[in-house]
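In: predicted model, plus sequence, below.
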Amino acid sequence: MTIKKLAAILGLSHTTVSRALNDHPAISQATKDNVLQAAREYGYIPNSAARALRNVSSMAFGLVIPDIQNDFFITITNAIAHVAAARSWQMMLGITGDKPEMEQAALLRLMTARVDGIIFAPTASPSAQTQELVTRTNAVQLLRHHDSLQTPVIAIDDRDGITQAVKHLRELGHTRIGYIGSARQLSTGSERLQGFLQNFSVAEQQALADIIYVGPPQAEFGGEAFRRVMSASVRPTALVLGSPRYAMSILLAAKEMNIAIPDDLSLVAYGDVSWGSLLEVKLTFISLPEKQIADACVTIIDRLMNQETPLSPEVFYATTGSQLFMPKLVVGDSTKALTQ
């Protein structure tokens, strides 16, 4: 959407539309309101090249995440927010609910506010407009990545994390190991599932098919999937979780089904949980490099805020580079050797 296209839709000259967008005193308030409303409706944002010519920084950046109930994103958001406050940066938060339309709206609002850059966890299916918007700003994908979005990525080696969990369980003698994780449509879900499967032969994968469940990254799914897994004709002796969102609902379902951990089932969680210290059994979990990721985000934001001239998206992408951080297995009391 350009000023000329917007002007044609409104039946105004492009000069009038331009002046209205720039709050020119010669334009009536009614016209300004109509133009601004249309700009929001049709997705007009100022051309990034024109912004670069003004050579100014808003000292604001956007952070767009799926929700604020995920322990991982809560930790990252808090860490970045504290640094931003200390450096007088303005952080603008967007929530997508993992819905492409909300993602598109969040990015559009941030770009209309002229932020210096955006760090975001993409949805499984970014819209065509989201893909276009990303090419017009300095954007970084956080934790997740989508091939349609040509931006640097700050992520975790999810395959390695899940592999560490499976190897730990196998060393304890477990062979019938179940898995509950996020859907393949999300890059994190796909990578973690592949990390699980790559530890088994094709024949072993087929034998485990009835105790492998993937679905939406929502807490409720964890409990539902757990009940299905534990209702299999042959129960697993161990279980790997592929998302921190599932831990609480799975532990509640285990209690409901009188399944003792680790006596009846060894359990490895993905990511530490804030309430873990309240449990009688200390969880074995894959520790995520949250501080390293937060520091990487801050470094990128710092670079954006301290550029003498705004970086073009092409230069930003070419010079920033993606970063992959390694998780680590932390052994607790929720796993034990299998007794025959």
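Out: Received the coordinates, thanks.

In: ok, residue 276 touching residue 283?
Out: Yes: using CB atoms under 8 Å, residue 276 is in contact with residue 283, at 5.5 Å. All C-beta spots, glycine's among them, are computed from the backbone N, C-alpha and C.

In: out of those two, which sits in the more crowded spot?
Out: It is residue 283, of residue 276 and residue 283, that has more neighbours when counted by other CB atoms under 10 Å, with 23 against 17.

In: so the more buried one sits right up against residue 331, yeah?
Out: No: assessed by CB under 8 Å, residue 283 is found out of contact with residue 331, at 9.8 Å.

In: hey, where'd the strands end up in the stretch 51-200 of the chain?
Out: Remark: strands assigned in the stretch 51-200 of the chain by DSSP state E, counting those that start in this stretch are 60-65, 90-95, 118-120, 139-142, 153-156, 177-182.

In: could you say which helix or strand holds residue 214?
Out: Here residue 214, judged by DSSP states H and E, is contained in strand 212-215.

In: which parts of the following helix or strand past that strand are buried?
Out: For strand 212-215, the following helix or strand on the C-terminal side (DSSP H and E) is helix 219-229. For helix 219-229, the buried set under the neighbour-count rule, 16 or more other CB atoms under 10 Å, comprises 219, 221-226, 229.

In: by mean pLDDT, flag the weakest helix or strand of this protein.
Out: helix 48-54 (a mean of 45; mean pLDDT, DSSP states H and E).

In: are we agreed that residue 235 is in a helix?
Out: No: per DSSP: H, G, I helix; E, B strand; the rest coil, residue 235 lies outside any helix segment and is coil.

In: and it, what does it touch?
Out: 176, 211, 229, 265 (CB atoms under 8 Å, 6 or more residues apart in numbering).

In: need those residues in a markdown table with distance to residue 238 and pLDDT, can you?
Out: Converted to a markdown table, the contacts of residue 235 look like this (distance: CB to CB, whole Å; pLDDT from 0 to 100):
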| residue | distance to residue 238 | pLDDT |
| --- | --- | --- |
| 176 | 7 | 96 |
| 211 | 10 | 97 |
| 229 | 11 | 96 |
| 265 | 7 | 96 |
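
In: looking at those residues, which is nearest residue 339?
Out: Residue 339 lies nearest to residue 265 out of the contacts of residue 235, by CB to CB, at 13.0 Å.

In: what about that closest one, distance to residue 251?
Out: 11 Å (CB to CB, to the nearest Å).

In: kindly report the same for residue 312.
Out: 49 Å.

In: of these two, which one has the most company?
Out: residue 251 (23 against 14).

In: which residues touch that one?
Out: Taking CB under 8 Å, 6+ apart, one finds 261, 279 in contact with residue 251.

In: element containing it?
Out: Going by DSSP H and E, residue 251 is in helix 247-256.

In: just the C-alphas of that helix, formatted as CSV.
Out: Only the C-alpha atoms of helix 247-256 are listed here, as CSV (Å, rounded to 0.1, in the frame of the first residue of the first chain):
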residue,chain,number,x,y,z
ALA,A,247,4.6,-30.1,32.5
MET,A,248,1.9,-28.9,34.9
SER,A,249,-1.1,-30.6,33.1
ILE,A,250,0.9,-33.8,32.7
LEU,A,251,1.8,-34.0,36.4
LEU,A,252,-1.8,-33.3,37.3
ALA,A,253,-3.0,-36.1,35.0
ALA,A,254,-0.4,-38.5,36.4
LYS,A,255,-1.7,-37.8,39.9
GLU,A,256,-5.3,-38.3,38.7
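
In: doesn't residue 245 fall inside a helix?
Out: Yes: assessed with three-state DSSP, residue 245 lies in a helix.

In: make CSV from the contacts of residue 235 and add distance to residue 98 to it.
Out: Below are the contacts of residue 235 laid out as CSV (distance: CB to CB, whole Å):
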residue, distance to residue 98
176, 32
211, 26
229, 23
265, 29
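
In: how close does the closest residue to residue 320 other than its chain neighbours get to residue 69?
Out: Leaving out its chain neighbours, the residue that sits closest to residue 320 by CB to CB, 6 or more residues apart in numbering is residue 152, at 4.5 Å. Between residue 152 and residue 69 the distance is 27 Å, computed by CB to CB.

In: kindly report the same for residue 42.
Out: 33 Å.

In: before we move on, the earlier item: got the contact list for the strand holding residue 214?
Out: 178-184, 189, 193, 196, 221, 224-225, 228-229, 242.

In: each with direction, which strands does it pair with?
Out: Paired strands of strand 212-215, with direction, are strand 177-182 (parallel) (DSSP bridges).

In: on that earlier part again, and the contacts of the next helix or strand after the helix holding residue 251?
Out: Going down the chain from helix 247-256, the next helix or strand is strand 266-270, by DSSP H and E. Here strand 266-270 makes contact (CB under 8 Å, 6+ apart) with 161-162, 165, 168-169, 172, 174, 181, 192, 237-244, 247, 250, 261, 283-286, 288, 329, 334-336, 338.
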